[in-house]
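Asker: Build me a model from this:
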Amino acid sequence: MNPQKSPPAAKVVLVSSQPDNAKYDNEVTQQRNITLQRSKRKQPVEAMKSELNDFRKEIMSFLTESKTSQEENIKKIHDEVSSLKEQLCNLKHISDILSQDQVTIKDTLTS
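Answerer: Coordinates of the predicted model:
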């Protein structure tokens, strides 16, 4: 005796005049995900802006330090050049005195 099998169950699809809220919720969720993805794309731009601002601050700091260092070096060079100028003037004065003494000695020897 073979037991009788019942026929396979047919799929029943319910049709309703009411909207399927699950689909609507799914679409809203997808739109939110898209919105979130867009905001996530903005984050690297913001991060890049922040990094660029940090880099700009570092460069400005470096340039300011460099300017200060150059000003100090220029002042030292200016002071040294002024000192050399003064020494050169002193040497010229001494040379003039020696030239006059030489002329005086030469005149004394020739007379």
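Asker: When you work out contacts or count neighbours from here on, use the C-alpha atoms and nothing else.
Answerer: OK.
Asker: In contact with Val81, which residues?
Answerer: Shown in contact with Val81 (Cα atoms under 8 Å, 6 or more residues apart in numbering): no residues.
Asker: 10 Å instead?
Answerer: Neighbouring residues of Val81 by Cα atoms under 10 Å, 6 or more residues apart in numbering: 75, 87.
Asker: I'd like the distance between it and Leu98.
Answerer: According to Cα to Cα, to the nearest Å, Val81 and Leu98 sit 25 Å apart.
Asker: what does Cys89 give?
Answerer: Taken as Cα to Cα, the span from Cys89 to Leu98 is 14 Å.
Asker: any idea where the helices of the protein begin and end?
Answerer: Taking DSSP state H, the helices of the chain run over residues 21-110.
Asker: Below-threshold pLDDT in it: ranges please.
Answerer: Residue ranges of the chain with pLDDT under 70: 1-43.
Asker: same thing but 90
Answerer: In the prediction, the chain carries residues with pLDDT under 90 at positions 1-49, 110-111.
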